[in-house]
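Colleague: from the sequence below, what's the structure:
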Amino acid sequence: MSAAPQQPNRARIVWRTCLASAFRTALACIIVGITTLYGPSSFRNQVAFPAFSFVTVILVVTDATLGDTLHGCWLALYASVQSLGPAMLSLWLIGPAKFTNGTTALAVALGGLVVVLPESTHLIAKRIALGQIVIVYVVGFIKGEQTEPIMHSVHVAASTAVGVLACVLALLLPYPRLACCEAKKNCRLLAENDSERLKLFVKALCAEDKAVASASISQAKLLTAAATKLLQSIKRFQESVKWEKLPFKFLRPYYMNSGEKLQDIEMALRGMEIALEITPSFPGRLMLDGELKDGLLRLEDHISLTIKQAKSFLPGDSLTVPESNAEDIMKLLQTLQTIPPAHQDLPSFFFLFCMKLLHGKSLPKPTTKNPVQKNGGSSSISSKQNGFSFKEVWNSCGLKSKRVMPAFKFSLSLGFAVLFGLIYSKPDGYWSGLPVAISFAVAREATFKVANIKAQGTVLGTVYGVIGCFLFERFLPIRFLSLLPWFLFTSFLRQSKMYGQAGGISAVIGAVLILGRKNFGPPSEFAIARIIETFIGLSCSIVVELLFRPTRASALAKIELSKSLETLHECIGSVSLQVSEANLVENQKKLKIHVNQLGKFIGEAEVEPNFWFLPFHNACYGKLLGSLSKMVDLLLFGVHAIGFLEQESQKLETSWKETVNKLDGDLKLFKESVGSLIKYLGKISLIKSLPILDKELEKNNISHDLEMGKSPCPNIFRVSSSDDEDEMDKVLNSFLQHSKEIVDIIHGIEDEKEIKSEMVLSLSALGYCIKSLIRETRQIEEGIRELVQWENPSSHVNLHEISCKIHALYS
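Modeller: Sure thing, here's the model as predicted:
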């Protein structure tokens with residue numbers, strides 16, 4: 001699979017995927033339409049809300065597998081119990097005739113609060129339950145005394161059941177779309193993708209000039225984007241496979257444990273890409289060794305073949321590739337017996353380290369039982385049994401304090417949407433609350449952008465539905481068939497950046513609710529009423545968000561940037577050869593969480609309206625996010641290098657313990673210099689305004705004078721005019737020199753050559769990580785300086801001076 005024909009292949013895959021999704025969605029809607037329009041009268045009387053059946057179909061069947069729809073059946077049942085039970089009791093006790101606009105809106109808001117508050121409830125279950133609450137209360141209020149509390153709730157439940165059962169049938173006909181088959185297909189594509197990227201990376205490393213290397217790296221980056229999507233799909237299908245095991249006992253639990261292995265392979269390939277990005281020249285000095293170059297090419301062929309044969313990553317898979325061949329190839333790496341003397345050679349050594357790491361990760365491993373905890377697995381349980389904690393009981397129910405405010409805001413939005421919708425038009429009042437209910441999102445969203453694309457999607461779908469009714473007014477079956485091209489179009493909309501899932505689903509529902517109905521009056525009148533009611537609901541959501549969320553996404557991105565730098569400081573402080581790397585691993589995971597959260601805030605801030613605020617500096621935050629993401633990867637590679645060094649050190653004599661102190665001394669200097677810089681950058685990033693900082697100093701009668709030598713802070717910030725060698729480069733030179741001394745003293749022991757090569761690769765990889773961390777820290781420094789200058793355009797920015805002011809103010 002070459003990178004050149006990727007575009008035609010991608011286009012074919014996208015078309016096939018969208019056609020399949022459109023066909024399944026259309027089939028489910030046709031099933032609902034036939035049963036609700038042409039079914040027995042007794043059945044049609046029970047399914048009194050076919051519109052909600054269509055809504056349920058769209059919520060469940062969109063891009064679903066059979067496992068997803070079976071899961072959807074359970075979620076619909078859970079949602080019905082959660083919402084219809086209390087609603088039925090409320091209608092029975094109070095009586096629908098006694099409801100008013102205000103009490104109806106209050107009942108919907110309280111019901112929504114109960115549904116949204118638990119964190120453990122699945123998103124689809126929440127959306128179905130919220131939609132049911134709107135239908136039960138608002139339609140019950142509209143019909144008044146004609147509403148029978150129990151049967152009314154039963155009709156809503158029956159309409160929901162028809163929708164989810166239609167989804168199951170649509171995923172079974174004409175043949176089932178199984179999650180395990182989809183995961184297997186995506187694993188095969190990912191294996192081909194990984195193999196091709198590996199080939200391109202090795203080709204780049206062995207290239208005779210930089211132009212050829214750059215072309216190979218560019219092609220590999222295109223494949224990396226596709227690999228990320230494939231990996232996400234595989235992880236999603238893994239969850240669906242669990243629901244297919246019960247009805248299909250013959251299915252093996254495909255790929256249930258492959259997520260971590262696939263992630264490890266992607267991580268090793270990512271390391272190769274990082275190494276090639278800063279390789280100063282091609283070919284590197286290491287690749288001038290013809291024997292090593294030939295061995296590298298043979299190792300690449302072996303790993304590619306291994307990945308392709310183990311593409312399913314099933315436990316216990318056997319390979320036809322002789323492992324003895326791999327051992328012979330890996331012995332070629334044992335020719336690396338000396339630490340590279342120059343920094344320029346570190347990328348090549350790091351590339352080989354990642355190659356060796358990839359070889360180990362690509363091999364399938366036998367299944368192992370769940371490991372028993374070291375403390376017998378009972379310590380955590382016994383500690384919880386020592387006393388009663390209300391907080392533990394609260395959290396065990398999925399209720400957390402951080403969920404209270406978002407749940408309250410949403411219930412308020414839903415209540416106001418219903419209230420103003422009923423005030424505007426009582427017969428159509430539920431259409432203002434229903435879009436808010438079924439579009440509930442757990443995570444924070446860009447409010448204005450999401451509301452905009454929902455409104456646009458609703459209008460597009462409604463207009464298409466009106467046109468379809470005008471053209472095929474007397475031919476109801478053709479109206480259903482006309483949904484197929486619309487579903488295909490909206491499948492592309494859902495994958496676009498302009499509309500996304502929210503806009504695409506709104507467009508689908510807008511068309512279905514008009515083309516799949518009858519006896520609701522003229523389509524144009526219904527369309528206008530629904531558009532207005534939808535606008536009322538979305539407007540209520542925006543107003544409530546503005547009232548209860550004064551903190552803008554740009555401000556949250558600023559805070560999260562500081563938290564990321566603070567956690568990065570902890571990670572740098574955890575780097576050590578004498579202490580277990582467990583602390584570093586834990587801090588690295590925390591850093592990854594913060595960086596991912598920073599990326600979400602940056603994405604939201606980019607589409608956030610500026611109003612009267614300072615525009616968000618997209619480019620600067622993008623650079624900072626890129627550097628932080630790269631440092632997350634580098635720290636993980638550092639963990640692997642330290643782990644290999646620990647393993648190999650156990651084969652050595654006591655000389656290792658004596659010599660490693662020198663390396664730890666170098667690491668200490670590295671941590672002090674880089675760690676201090678990152679610590680101050682984290683504090684500087686929180687500065688809102690330099691004039692405000694100066695006023696705070698004057699207010700507290702604090703003075704500082706850098707020129708008189710009274711500065712309490714060392715100048716750790718880079719001065720562009722300085723011609724002296726950077727202090728951090730001296731630390732790296734010292735580390736490489738001490739690494740050379742460690743390797744030189746290894747002699748006269750068993751497997752000396754193998755141990756030496758392992759030590760050389762691991763120490764060189766750690767040296768490369770140190771060098772790259774230093775480089776990325778300097779990039780972050782430049783980014784923070786640019787960001788502070790952007791926020792203070794009329795001030796001269798001197799990071800050293802700012803850090804001294806902060807130290808004087810808060811020390």
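Colleague: helices of the stretch 351-500 of the chain, residue ranges please.
Modeller: Counting by DSSP state H, counting those that start in this stretch, the stretch 351-500 of the chain has helices at residues 379-384, 390-396, 404-424, 430-438, 447-471, 476-481, 483-495, 500-515.
Colleague: which strands and helices sit next to the helix or strand that the last one is followed by?
Modeller: Scanning forward in sequence from helix 500-515 by DSSP states H and E, the next helix or strand is helix 523-548. Of the remaining helices and strands, those touching helix 523-548 by 3 or more Cβ pairs under 8 Å, 6 or more residues apart in numbering; DSSP states H and E are helix 404-424, helix 430-438, helix 447-471, helix 500-515. Any C-beta I mention is one placed from the backbone N, CA and C, and that applies to glycine too.
Colleague: deepest-packed of those, please.
Modeller: Of all the helices and strands packed on helix 523-548, helix 430-438 has the most neighbours on average by mean count of other Cβ atoms under 10 Å, namely a mean of 28.
Colleague: excluding its backbone neighbours, what's nearest residue 487?
Modeller: Distance criterion Cβ to Cβ, 6 or more residues apart in numbering; nearest residue to residue 487, sequence neighbours excluded, is residue 22 at 3.8 Å.
Colleague: gap between the one you found and residue 100?
Modeller: Residue 22 sits 43 Å away from residue 100, going by Cβ to Cβ, to the nearest Å.
Colleague: just residue 666 next, same as before
Modeller: Distance from residue 666 to residue 100, counting by Cβ to Cβ: 75 Å.
Colleague: comparing these two, which residue is more hemmed in?
Modeller: residue 666 (22 against 10; other Cβ atoms under 10 Å).
Colleague: the more buried one contacts residue 735, doesn't it?
Modeller: Yes. Contact criterion Cβ atoms under 8 Å: residue 666 and residue 735 qualify, at 4.1 Å.
Colleague: now do stretch 107-126, average pLDDT.
Modeller: For stretch 107-126, mean pLDDT rounds to 89.
Colleague: likewise stretch 781-793?
Modeller: Rounded to a whole number, the mean pLDDT of stretch 781-793 is 89.
Colleague: for that stretch, which residues meet the burial criterion?
Modeller: Using 16 or more other Cβ atoms under 10 Å as the burial criterion, the residues of stretch 781-793 that qualify are 781-788, 791-792.
Colleague: could you do stretch 94-104 as well?
Modeller: Neighbour-count burial for stretch 94-104, counted by 16+ other Cβ under 10 Å, picks out 96, 99, 101, 104.
Colleague: and the gap between residue 357 and residue 637?
Modeller: From residue 357 over to residue 637 (counting by Cβ to Cβ), the distance is 8 Å.
Colleague: check residue 114 too.
Modeller: In this structure, residue 114 and residue 637 are 47 Å apart, going by Cβ to Cβ.
Colleague: out of those two, which sits in the busier spot?
Modeller: Relative neighbour count places residue 637 above the other of residue 114 and residue 637, with 24 against 15, counting by other Cβ under 10 Å.
Colleague: ok, that one - contacts?
Modeller: By Cβ atoms under 8 Å, 6 or more residues apart in numbering, the contact list for residue 637 reads 271, 350, 353-354, 765, 769.
Colleague: could you list the single helix or strand in the chain with the lowest mean pLDDT?
Modeller: Every helix and strand in the chain was compared by mean pLDDT, DSSP states H and E; the lowest is helix 379-384, with a mean of 37.
Colleague: give me the phi and psi for the residue nearest the centre of the chain.
Modeller: In the chain, the C-alpha nearest the mean C-alpha coordinate belongs to residue 596, at 7.1 Å (Cα atoms, centre = their mean). Main-chain torsions, residue 596, degrees, to the nearest 10: phi -60, psi -40.
Colleague: mind checking pLDDT for it?
Modeller: You'll see residue 596 listed with a pLDDT of 93.
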